[in-house]
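> The following block contains a protein sequence and its predicted model.
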Amino acid sequence: MPNSDPFSNLKKHQKEMWASFTPTAMFTTPVAGHLVKFASIVSGEHVLDVGTGTGVVAITAARTGARVTGLDLTPELLAVARENARIGQTESIVWTEGDAENLPYPDASFHVVVSQFGHMFAPRPEVAVSEMRRVLKPGGRIAFATWPPEHFVGKLFAFIGRNSPPSPSGAAPPPQWGNPAIIAERLAASFEAPFFARGTMKVPALTIQHFRTFMEKSVGPMQKLVEHLASDPEKLAAIRTEFEALTQSYYADNVVHQDYILTLAQAR
Ligand SMILES: C[S@@+](CC[C@H](N)C(=O)[O-])C[C@H]1O[C@@H](n2cnc3c(N)ncnc32)[C@H](O)[C@@H]1O
């Protein structure tokens, strides 16, 4: 990470925060199927997956015959991605440790840039968009999955934000990437008007308390919130009660329903 990056500390924190994410990728796997289909990725295309994590989108894209590169900040997840690629016989995928805001690829390298709940965590949307556009070939396309602010995960991020130390000033809140008007505005300068689709990620949970326990272990922002409150048991208990109340309206038939939005846009 270059020292000139004003958000290098935030990214260092993100890198550490996401290292425990692997169990959650079981639930992002079906979304990857939806995103790859929505992006109409076909054999022979060069595809970049930004914020690849354990590689669920990259590997799904590679199974179409596309030539895929996966990029992520977090080396622990890339190690799992490599093992997933070995198991899935998609070893040709290239894995890169790197930052969505500083993509280490030449201009016009890819036909498609995808990101599933990944680039939304880059603090400067305009920098991430400009980088994703720069590495696209003429007429290439961008396709991504994000969390709308009005559904469960968007509300969860707002809840975590309210109860955590403040983010560095100037960092855009990730769920803004789930608002179609903001998405259209952010893409307007370098992409044609976007198309949208929606879906629901389903997370099975025996009880809401099982779900909370899972989230506290495997979803970095929740894990950090609980660590931050470890010395204040009363506040921690109150936060856990609030988390369970928030989850209640999305929990039915032993599943927590998490609505996402997909965006597809062609480069100008
Ligand atoms: C919620 S996980 C999603 C992982 C994967 N795409 C999936 O759907 O399972 C967010 C991922 O974004 C990565 N990430 C966060 N900020 C990033 C940045 N600035 N550049 C690249 N990756 C980033 C994290 O390391 C993490 O792997």
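Done, it's in.

> Give the burial count for the residue of the stretch 51-200 of the chain found nearest the ligand, as a bare number.
The nearest approach of the stretch 51-200 of the chain to the ligand comes at residue 53, 2.6 Å away (Cβ to the nearest ligand atom). (Glycine included, C-beta is placed from N, CA and C.) Here the count is done by other Cβ atoms under 10 Å, and residue 53 has 27 residues near it.

> and if you look at the one 4 residues further on?
Here the number of neighbours of residue 57 (other Cβ under 10 Å) works out to 33.

> Look up how far residue 70 lies from it.
Per Cβ to Cβ, to the nearest Å, residue 57 is found 8 Å from residue 70.

> Spit out the residues that contact those two alike.
residue 49 (Cβ atoms under 8 Å, 6 or more residues apart in numbering).

> separation between residue 210 and the ligand?
Separation of residue 210 from the ligand (Cβ to the nearest ligand atom, to the nearest Å): 20 Å.

> Name the residues of the stretch 51-200 of the chain found near the ligand, please.
Within the stretch 51-200 of the chain, the positions near the ligand by Cβ under 6 Å from any ligand atom are 51-53, 56-57, 72-74, 77, 99-101, 116-118, 121-122.

> Which of the residues you listed fall in strands?
Of those, the ones assigned to strands by DSSP state E are 72, 116.

> The stretch 151-268 of the chain: strands as residue ranges?
Here the stretch 151-268 of the chain has its strands, by DSSP state E, counting those that start in this stretch, at 195-204, 251-252, 255-266.

> To residue 46, which of those lies closest?
Residue 46 lies closest to strand 255-266 among the strands of the stretch 151-268 of the chain, at 15.7 Å (Cβ to Cβ).

> what residue lies at the spatial centre of this protein?
residue 117 (1.8 Å; Cα atoms, centre = their mean).

> circling back to that earlier point, redo the strands of the stretch 151-268 of the chain as JSON lines? Include mean neighbour count and mean pLDDT.
Below are the strands of the stretch 151-268 of the chain laid out as JSON lines (neighbours: other Cβ atoms under 10 Å; pLDDT from 0 to 100):
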{"stretch": "strand 195-204", "mean neighbour count": "16", "mean pLDDT": "98"}
{"stretch": "strand 251-252", "mean neighbour count": "13", "mean pLDDT": "98"}
{"stretch": "strand 255-266", "mean neighbour count": "20", "mean pLDDT": "98"}
